[in-house]
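Trainee: Could you look at this predicted model? Sequence included:
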Amino acid sequence: MDQFDVIRLGTVVLAFVGYFACLARFGLITLVLTALFGVYLSRFYPLTGIYQPYWIGAVLFVLILALGARLGKSRPPAQDRTAPQDPQPDSQEIVIDGTNVLYWDGEQAELSTLCIVVDDLRRRGYAPFVFLDASSRHHLNDTSLTEKSFAKALGLPQARVRVCPAKTEADAFILKFAREQTLPVVSNDRFGDRHQQTRGLKLVKGIIARGKPIFDGL
């Protein structure tokens, strides 16, 4: 293997890693761009005939990578969540708009994103209350999720996780609870249709950057 072979191999490896990272971070956009590139290539390399096996292999390869990226991103942080811990007596309570936070790390809802935010707030000395729309189960493509399973995944006591009734919006419950308890709300939602209810409330916005939450207003 000469130096050019090493360069070619290194280029292929870097391209593979970069493509996988794009699938994990911008899954839908990456797949759309891949499909458009495939349409362009098909003008020179027809989908039928001698090139058909290569096209089938390429499609399967992309699908396997996409599935791997999806599973890897959806996996909750590696830690023991089998025994939810009660908050410390001196913890400051805070409300989390769970359904909104699911989308803080891309265009797809990820339970792992909510886990990251909950864990970070607990490390900062906060005791979170998490509210979720009933539709959160569908956002996560898992209709079997219940308050108990959400609480277990988040490492919180079940009393601190609330899945709101179907055909209702969690916003009303979040804002009512936060106002009654005078608690800040973690959400990127502007609650524009509930302006009166947000008056006087502290709203904390945030994003996920390099796997860690960055808060604005905390």
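Mentor: Okay, I see it. Numbers count the residues shown, from 1 in each chain.

Trainee: This structure: strands as residue ranges?
Mentor: 92-97, 126-132, 161-163, 185-186, 203-209, 212-216 (DSSP state E).

Trainee: next one: the shortest one to chain centre, how far?
Mentor: Using C-alpha atoms, centre = their mean, to the nearest Å, the distance from the centre of strand 185-186 to the centre of the chain it belongs to is 17 Å.

Trainee: what's that strand packed up against?
Mentor: Packing contacts for strand 185-186, counted by 3 or more C-beta pairs under 8 Å, 6 or more residues apart in numbering; DSSP states H and E, involve strand 92-97, helix 170-181, strand 203-209. In this view, the C-beta of every residue, glycine as well, is placed from N, C-alpha and C.

Trainee: With respect to burial, which of these scores highest?
Mentor: strand 92-97 (a mean of 21; mean count of other C-beta atoms under 10 Å).

Trainee: avg pLDDT for that one?
Mentor: Average pLDDT, strand 92-97: 93.

Trainee: Which residue lies nearest the spatial centre of this structure?
Mentor: Glu110 (2.7 Å; C-alpha atoms, centre = their mean).

Trainee: picking up where we left off before, right, so of the helices and strands packed on strand 185-186, which gets closest to Asp105?
Mentor: Across the helices and strands packed on strand 185-186, Asp105 has its closest neighbour in strand 203-209 (3.9 Å, C-beta to C-beta).

Trainee: what's the average pLDDT for the closest one?
Mentor: On average, strand 203-209 scores 92.
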